[in-house]
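Asker: From the sequence below, what's the structure:
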Amino acid sequence: MRIYLFCRAVLRHWWALMSCALFTVLGAYIFYAEKSNKWALGATGAIAVLCLLIACYLAWADEHKKVQKYLDDGPRLGLHIASQFGIKVWMEQTDSKNTPVWFRIEHLGGRIPTDVRFDPIQSKKGTWTLCFGSEAYVKPPVPLILTYELREKGASIDSRIVDHLGWGTLLLSFVKDTDPQPEQDEYPLTVRYMDGDAERTQMFKLVFDKARFGFLPNTMHL
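Answerer: Numbering: from 1, shown residues only. Predicted structure coming up:
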């Protein structure tokens with residue numbers, strides 16, 4: 001099957017080369033130089049063989065470009081945030097099924113990443129840790145909404161506490177575990193995933209605006 005595909009690619013290039021201007025120039029030369037039929041046949045055959053060699057190279061070059069494109073076309077992910085703004089709104093999110101912030105991961109291009117994992121994010125004073133769940137893969141067109149949990153001093157929060165307080169209150173504790181200044185807190189987030197047999201990473205930066213009290217919608221690449 002591979003031999004057939006290679007021969008078909010060579011034939012396609014060879015046919016195009018056999019129609020090129022070389023044979024027109026050769027015919028004109030044979031006419032004006034009054035070359036014999038034997039010479040003309042030999043010269044035509046030599047050019048045909050040369051075109052065949054060039055066609056083989058062009059077929060190889062086409063496949064090389066495809067392979068190179070595949071090697072260069074690594075996964076590209078985007079991280080988006082849909083956040084409510086205002087401390088009052090956050091405090092009202094007392095239902096464990098609701099959250100004031102939604103985090104979404106999206107496949108922007110390239111190969112499909114697998115075994116997608118996220119490094120934990122610590123609050124500024126280190127009391128709380130925001131941990132995202134892993135994903136088997138991320139592929140278009142629908143972005144994935146990430147699950148997460150909060151840990152206090154490294155320990156998971158009891159589900160009964162989550163049900164009682166809600167994610168708004170717990171996330172409130174995370175973002176308030178900081179100093180009044182600066183006006184915005186930045187949280188680096190590392191995403192790790194497998195690209196075939198190779199592990200790769202992307203770096204993002206989550207920005208929390210203290211004045212508006214909410215995460216900015218667009219993350220930044222680091």
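
Asker: Now for the spatially most central residue of the chain: which residues touch it?
Answerer: Centrality entry for the chain: nearest residue to the mean C-alpha point is residue 76, 1.4 Å, by CA atoms, centre = their mean. Residue 76 sits next to 107, 108, 109, 110, 202 when contact means CB atoms under 8 Å, 6 or more residues apart in numbering. For the C-beta atoms, the positions are set from N, CA and C on the backbone; glycine is no exception.

Asker: out of the residues you listed, who's nearest residue 62?
Answerer: Distances from residue 62 to the contacts of residue 76, taken as CB to CB, are shortest for residue 110 (20.9 Å).

Asker: List the residues that contact that closest one.
Answerer: The contact partners of residue 110, by CB under 8 Å, 6+ apart, come to 73, 74, 75, 76.

Asker: Tell me the bridge partners for the residue nearest to the centre of the chain.
Answerer: Bridge pairing for residue 76 (DSSP bridges) gives the partners residue 109.

Asker: just for the protein, where's the confidence low?
Answerer: Counting by pLDDT under 70, the chain has low-confidence residues at 1-2, 26, 64, 66-72, 94-96, 158-168, 220-222.

Asker: for it, which helix is longest?
Answerer: Determined from DSSP state H, the single longest helix within the chain is helix 37-72.

Asker: on that earlier part again, state the distance from the residue nearest to the centre of the chain to residue 99.
Answerer: As judged by CB to CB, to the nearest Å, residue 76 and residue 99 stand 27 Å apart.

Asker: Give the residue farthest from the middle of this protein.
Answerer: residue 34 (63.1 Å).

Asker: quick one: the strands in the protein?
Answerer: 76-83, 101-109, 114-118, 121-122, 128-132, 135-137, 144-145, 148-152, 155-156, 184-195, 198-209, 214-215, 220-221 (DSSP state E).

Asker: sorry, back to before: top of the contacts of residue 110 by neighbour count?
Answerer: Among the contacts of residue 110, residue 75 has the most neighbours (other CB atoms under 10 Å), with 23 neighbours.

Asker: Return the residues in contact with residue 103.
Answerer: Taking CB under 8 Å, 6+ apart as the test, what residue 103 contacts is 79, 80, 81, 132, 145, 146, 148.

Asker: ok, which pair from those is furthest apart?
Answerer: 80 and 148 (14.4 Å).

Asker: Tell me which of the two has more neighbours.
Answerer: Legend: neighbour count by other CB under 10 Å for residue 80 and residue 148, higher for residue 148 (18 against 14).

Asker: Would you confirm that that one contacts residue 131?
Answerer: Yes. Residue 148 lies in contact with residue 131 (CB atoms under 8 Å); the separation is 6.3 Å.

Asker: Count the neighbours of residue 139 for me.
Answerer: 13.

Asker: Contacts only, for it.
Answerer: Contacts of residue 139 (CB under 8 Å, 6+ apart): 107, 112.

Asker: before we move on, what about the one 5 residues further on?
Answerer: By CB under 8 Å, 6+ apart, the contact list for residue 144 reads 104, 105, 106, 135, 138.

Asker: what separates the residue nearest to it when sequence neighbours are not counted from residue 199, distance-wise?
Answerer: Leaving aside its sequence neighbours, residue 144 sits nearest to residue 105 (CB to CB, 6 or more residues apart in numbering; 5.1 Å). Distance, residue 105 to residue 199, by CB to CB: 17 Å.
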